[in-house]
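> coords below, sequence missing:
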């Protein structure tokens, strides 16, 4: 472990996993943290509640398709949903740099309000801190959330032959942030996919027992999420490049920038691991219930290679797809 | 409302109340936020849960009597306890500046671990973000918490003749931070009172129905907490200066600095509003069960002056004690 914290420790990738495993888990080891989940699930009375937290430090605060407020609310809603829970209540804690424009704060608060109302999630507790100029960059937001668990999703459910589904086209959030931060001119605005997934996924969870595990591939992208599942199950995952939905302009921009879209963050997508028999039906349901109809079965759980992700390219070659190592895009969420 | 956010908007005082009332409440108005509490209480099954959040931006990170980790855990534990709840689970979200020393992070994590273990509170979910140099000052922490409500504490319970108790000596946290930040030489280290209050207050809550309301007088100090209670009840509170416990060296330093100790933050004290008949017993219990025996009845709820706090000085004069207006000490928590 290096003597200083690097940007890559916050990337969602390998170095962050190492930091958590070496520094955090030994101090707080409990059955909640030991399981790979986006939320912790605890029993209360005879029911179960999910509990999750995320801080948002995205730069710029406002981007095509969203802003830090929408991102904070939908990010925490999504963490609850992919844990099998109906989101109920959120907390909202804001750290503001002295001198921040009141009008910008109002814009963020409006966005938080409309995003939470759409999902019928109530913000019921909060905190405001103001720090002197230079002590933080404009605005940071933390949202924590609690939800009622309606489906027990865990990597322990996953077996060989299960199918891996992605709910839509990848890499759109990260590239949106990057293009606007660097004021790159790609001839069009890249729109973030930032959205709350409760209206799409909660009805599916309610009616369908075939879903074994879900996760939203945010920091570290699709490749990192697949690796987390492979490592947690000690099973393999075989993914086919030609089946991964990605917009042409996103693929072109990724190639231009030399960044693999498999490692770029999404903020409105989920990876589902499901029973093979139900996979086609679930994809149909997803595409019937969303505007963009790019849900796809992208791969399969296998016995080999154990704990790893095998990537079959369109050229017919195969390679091991690693977890994200270094951070291509800091502050994307 | 000014066009830019000022440090005083984060002070816990009048400007923060205005900001919340003008910008936040109209957008999120619900019965949870409308009630004056340190946590929101929601029903789940036939029981009630408390939910609270706080971000910590204290500078310096390490101070005599504590550090940002101890402060974050005990602050959230205390918010749950004063809401009548037994703390159960915490979340932990850390924002780290690139280049922060690994050894310092380890020290903070150790402190978080030991503080939560002492209170048998489990940290079950978390988040790590790393931002580039200059985007935040070293380390910010958010802790959110859930607890099981065992006593329904609300300002609605409060009546004239109720007694106001403080559990110990005031102003020790804020002066500790200030003295160490400015490297003032008072001839001794000022120790923060930072501590978790669950072991003192939860057993009291369990056995004593005479407690009507509790609050921890953090940002804005004792004067601001008393004003919040007076405003919420539209009753008066009469406080006697001679009864307020304060260490001699804290009083002397406050006078030297020209800061009123009634407005200085505490991080290990609670204000209790209790039935007049039970007040003496409760003070005895508090002093029997803590090392420093400075719990005192400091005043009384009255019908006049409505919504205000009347302060009787040791000199025999009387004045209205206002809520904190401007921030004497930013980043004390």
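Looks like it came in fine. This one's a predicted model, so the numbers in the text were calculated from it and none came from an experiment.
> which SS state does the closest residue to residue A:16 other than its chain neighbours fall under?
Once flanking residues are discounted, residue A:16 sits nearest to residue A:9: 5.6 Å by C-beta to C-beta, 6 or more residues apart in numbering or on different chains. C-beta: built from backbone N, CA, C; applies to glycine. Of the three states, residue A:9 takes helix under DSSP: H, G, I helix; E, B strand; the rest coil.
> what of residue A:206?
helix.
> what about it, how many residues nearby?
11 (other C-beta atoms under 10 Å in any protein chain shown).
> swap in residue A:233?
There are 22 residues near residue A:233, going by other C-beta under 10 Å.
> tell me how far it lies from residue A:217.
As judged by C-beta to C-beta, to the nearest Å, residue A:233 and residue A:217 stand 17 Å apart.
> contact partners for residue A:106?
residue B:23 (C-beta atoms under 8 Å, 6 or more residues apart in numbering or on different chains).
> what helix or strand is it located in?
helix A:102-118 (DSSP states H and E).
> list the buried residues in that helix.
A:102, A:104-105, A:107-109, A:111-113, A:115-116, A:118 (16 or more other C-beta atoms under 10 Å in any protein chain shown).
> so which of the residues you listed are also by chain B?
A:102, A:105, A:109, A:112-113, A:116 (C-beta under 8 Å from any C-beta of the partner chain).
> which residue packs closest to residue A:205, ignoring adjacent ones?
Per C-beta to C-beta, 6+ apart, closest to residue A:205 is residue A:151, 4.7 Å.
> pretty sure that neighbour sits in a helix.
No. Under three-state DSSP, residue A:151 sits outside any helix and is assigned coil.
> just to be sure, residue A:272 is in a strand?
Yes. Per three-state DSSP, residue A:272 lies within a strand segment.
> leaving out the residues flanking it, which one is nearest to it?
residue A:165 (4.3 Å).
> just the element for that neighbour, please.
Judged by DSSP H and E, residue A:165 forms part of strand A:163-166.
> next one: residue A:191
Counting by DSSP H and E, residue A:191 is part of no helix or strand.
> and it, how far from residue A:258?
22 Å.
> the two: which has the busier surroundings?
Comparing residue A:191 with residue A:258 by other C-beta under 10 Å, the one with more neighbours is residue A:191, at 16 against 7.
> for the more buried one, give me its contacts.
Taking C-beta under 8 Å, 6+ apart, we find residue A:191 in contact with A:64-65, A:172, A:176.
> how about it: what's its closest non-neighbour residue?
Leaving aside its chain neighbours, residue A:191 sits nearest to residue A:65 (4.0 Å; criterion: C-beta to C-beta, 6+ apart).
> any idea which residue of the stretch 101-250 of chain A lies closest to chain B?
residue A:130 (2.9 Å; C-beta to the nearest C-beta).
> surely that residue is in a helix?
No. Counting by three-state DSSP, residue A:130 is located in no helix; its state is strand.
> what pairs with it across the strands?
residue A:96 (DSSP bridges).
> which pair in the buried residues of helix A:102-118 has the greatest spatial separation?
Using C-beta to C-beta, the buried residues of helix A:102-118 span at most 24.8 Å, a distance reached by A:102 and A:118.
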